[in-house]
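K.L.:
How does the following fold in three dimensions:
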Amino acid sequence: MSTAIDQIKTPTYGNWRRPRKAGLGSLGLIGTFGLFGGLVVVLLASMISLDAAVVVGLPFALTLAPLAIRTQDGRNVFQMAGVRVGWLRRRSKRQHLYVSGPLSSRPGGRFRPPGLLSRVTMLEGRDPYDRPFGVLHHRNRHQYTIVLSCEPDGGSLVDPDQVDTWVALWGEWLSRLAHEPGLRGASVVVETAPDPGTRLATEVLGRLSPDAPPAARAVMEEVVRSYPDASSEMNTYLTLTYSAPGGARRDDDTMLADLALRLQGILNGLVAAGGGSAEPLSAERIAEVVRVAYDPAAAAEVLDVRARHGATGLEWEDAGPAAAVESVTSYQHDSGVSRSWLLTMAPRGVVRSGILRSILDPTAGVRRKRVALVYRPIDPATSARIVESDRRSAQFMANSTKGLVRARAVAEIQAAEQTAAEEASGAGLVEFSMLVTLTVDSAAEVRDANVTMRNLLGATRIAMRPADRMQAAAFTCALPVGILPWEQSIVPQDLQEAL
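P.N.:
You can find the predicted model right below:
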């Protein structure tokens with residue numbers, strides 16, 4: 001009886017749902033217009049002859065059928081074919097291979113990050129407290145990204161009421177992003193890896209007294225040697241990507257000053273939402289994070305140099321890999337091989353606050369793991385239009401169905417009504433997705449990474465699919481560098497939604 005009462009008192013969360021797309025069934029808006037237009041043309045052709053109607057209707061059918069056939073995550077045949085064609089095109093042009101450094105043909109002979117980061121440059125400004133903060137300038141899109149480092153409070157030995165307060169404040173912080181001028185998207189990246197013990201060794205061995213007893217010295221040295229075997233390193237980063245109000249005409253110094261004034265308000269919101277100690281990352285620290293992601297074996301050396309000298313001197317132009325090879329199922333870069341997965345379906349129903357714990361916790365047998373939650377804030381006017389459209393669609397589905405299907409439609413109405421009421425009371429609407437990257441030491445361990453990922457997803461009720469034929473892009477999007485996936489497609493976002 002007490003267990004049942006405890007379950008009732010435990011806060012649950014949910015009510016996330018995909019916006020219903022306009023259109024008939026799975027055709028989408030463009031497919032629906034094509035269907036009705038095709039029917040009109042076929043009817044006109046049938047007035048001439050039946051053969052003419054068949055000749056005219058067959059191309060329409062062959063075009064609309066791929067739009068109606070969809071996977072579980074909503075992709076149609078044309079979209080899946082586009083990924084395959086893009087991969088074959090990149091491979092024919094040898095764009096899946098990357099070599100940099102003094103012996104390469106790259107201008108300057110440096111180790112610039114490849115792919116989606118090839119046109120990104122680094123700027124650095126100072127906030128009102130005179131702290132340096134790095135800004136990634138996406139020149140091709142006139143966007144600027146700031147990266148914050150957080151030390152979130154753990155969930156162990158914390159009262160459920162406190163956790164519920166943190167979740168509420170985090171939701172409020174996300175809703176405020178829709179009112180942030182020029183904000184295009186945000187992401188939270190949680191990175192875990194085995195602790196090399198470099199910081200502990202520097203801290204402990206450097207403090208040992210020359211006059212210490214041999215037994216005490218032996219104990220401390222044994223702790224330094226054995227500690228990394230049972231510990232892990234966890235880093236949390238948050239990125240905010242802004243578009244320049246003046247586009248290409250916006251001056252970099254003016255944008256840096258603008259971002260510097262916003263930083264403290266953003267950091268205060270993170271601390272209140274359980275983010276713990278938060279601070280902006282300098283240009284050097286951002287370069288170190290990217291360098292270690294491409295070359296995991298360099299993590300201990302980077303930590304050692306920083307611990308000994310206080311800085312590494314690493315620049316953005318040297319943060320990339322010396323060589324990288326993308327294949328259908330993996331992405332090989334310097335000392336690591338990575339495989340990435342994309343979110344296809346959030347958990348149905350309600351969940352508790354620890355739903356992602358198994359994915360976020362350190363994983364044995366994995367060199368590095370990154371979990372990236374990507375958020376796309378929606379402005380209030382668009383949010384109101386979306387929730388009202390979902391509400392009308394849910395009511396229509398409930399009135400046009402019967403039996404068991406109607407029961408699910410009624411549940412859809414309740415969810416849509418709740419979302420509409422929350423939005424009307426001032427809550428924001430945010431689209432979200434998730435990427436997970438597992439990095440192992442060799443290509444032979446990729447199969448074990450697949451098994452590990454299936455085990456991690458088992459307790460989360462989350463559906464994910466491998467980012468096959470776009471592993472390099474998925475790897476980059478999971479880095480804390482502000483790459484927004486929905487803006488990297490050749491097809492405009494509005495057209496994708498209409499499909």
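
K.L.:
Going by C-alpha atoms from here, please, whenever you check contacts or count neighbours.
P.N.:
OK.

K.L.:
Run through the stretch 151-300 of the chain and note the low-pLDDT ranges.
P.N.:
Applying pLDDT under 70 to the stretch 151-300 of the chain flags residues 155, 196-203, 205-206, 227-231, 246-250.

K.L.:
at 90 instead, please
P.N.:
151-182, 193-234, 244-255, 262-278, 300 (pLDDT under 90).

K.L.:
Which strand or helix spans residue 238?
P.N.:
Taking DSSP states H and E as the criterion, residue 238 maps to strand 232-243.

K.L.:
Please apply the same query to residue 373.
P.N.:
With DSSP H and E as criterion, residue 373 is part of strand 368-378.

K.L.:
Report the angle between that strand and strand 232-243.
P.N.:
30 degrees (axes from the mean of the first three to the mean of the last three Cα atoms, to 10 degrees).

K.L.:
Please enumerate residues in contact with strand 368-378?
P.N.:
Contacts to strand 368-378, defined as Cα atoms under 8 Å, 6 or more residues apart in numbering, come from residues 174-175, 177-178, 184-194, 293, 296, 359-360, 362-363, 428-440, 478-479, 484.

K.L.:
same deal with stretch 337-347?
P.N.:
Counting by Cα under 8 Å, 6+ apart, 16, 72-73, 329-332, 433-443, 446, 449, 460-467, 471, 474-475 sit against stretch 337-347.

K.L.:
What of stretch 261-272?
P.N.:
With Cα under 8 Å, 6+ apart as the contact definition, stretch 261-272 has outside contacts at 127-128, 166, 169-170, 173, 276-280.

K.L.:
which of the residues in that stretch are buried?
P.N.:
For stretch 261-272, a neighbour-count test (16 or more other Cα atoms under 10 Å) marks 263-264, 266-267, 269-271 as buried.

K.L.:
got any ranges where the stretch 351-499 of the chain has weak pLDDT?
P.N.:
Across the stretch 351-499 of the chain, the ranges flagged by pLDDT under 90 are 351-358, 360-365, 378-431, 456-463, 486-499.

K.L.:
And the strands in it?
P.N.:
Assignment of strands within the stretch 351-499 of the chain using DSSP state E, counting those that start in this stretch yields the ranges 368-378, 429-440, 463-466.

K.L.:
hang on, the earlier thing: now the angle from whichever helix or strand comes after the strand holding residue 238 to strand 232-243?
P.N.:
Going down the chain from strand 232-243, the next helix or strand is helix 252-270, by DSSP H and E. With the same axes, to 10 degrees applied, the angle from helix 252-270 to strand 232-243 works out at 130 degrees.

K.L.:
how far is helix 252-270 from where the chain is centred?
P.N.:
With Cα atoms, centre = their mean, to the nearest Å as the basis, helix 252-270 stands 22 Å off its chain's centre.

K.L.:
how about it as CSV, C-alpha atoms only?
P.N.:
Taking Å, rounded to 0.1, in the frame of the first residue of the first chain, the C-alpha atoms of helix 252-270 are listed here in CSV:
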residue,chain,number,x,y,z
ASP,A,252,31.6,41.3,-35.1
ASP,A,253,32.6,43.6,-32.2
THR,A,254,29.0,44.9,-31.9
MET,A,255,27.7,41.3,-31.8
LEU,A,256,30.3,40.4,-29.1
ALA,A,257,29.2,43.3,-27.0
ASP,A,258,25.5,42.3,-27.4
LEU,A,259,26.2,38.7,-26.3
ALA,A,260,28.3,39.8,-23.4
LEU,A,261,25.4,41.8,-22.0
ARG,A,262,23.1,38.7,-22.2
LEU,A,263,25.4,36.2,-20.6
GLN,A,264,24.7,37.0,-16.9
GLY,A,265,20.9,36.7,-17.3
ILE,A,266,21.3,33.4,-19.0
LEU,A,267,23.7,32.0,-16.4
ASN,A,268,21.4,33.1,-13.5
GLY,A,269,18.5,31.2,-15.1
LEU,A,270,20.7,28.1,-15.4
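
K.L.:
next SSE after that helix?
P.N.:
Next along from helix 252-270, by DSSP H and E: strand 277-280.

K.L.:
That following strand - which strands sit beside it in the sheet, and in what orientation?
P.N.:
Each strand paired with strand 277-280, and its direction, by DSSP bridges: strand 143-151 (antiparallel).

K.L.:
what's the distance between the partner strand and the middle of its chain?
P.N.:
14 Å.

K.L.:
Go ahead and name everything in contact with it.
P.N.:
Strand 143-151 is contacted by residues 133-138, 235-244, 275-281, 286, 480-482 when judged by Cα under 8 Å, 6+ apart.
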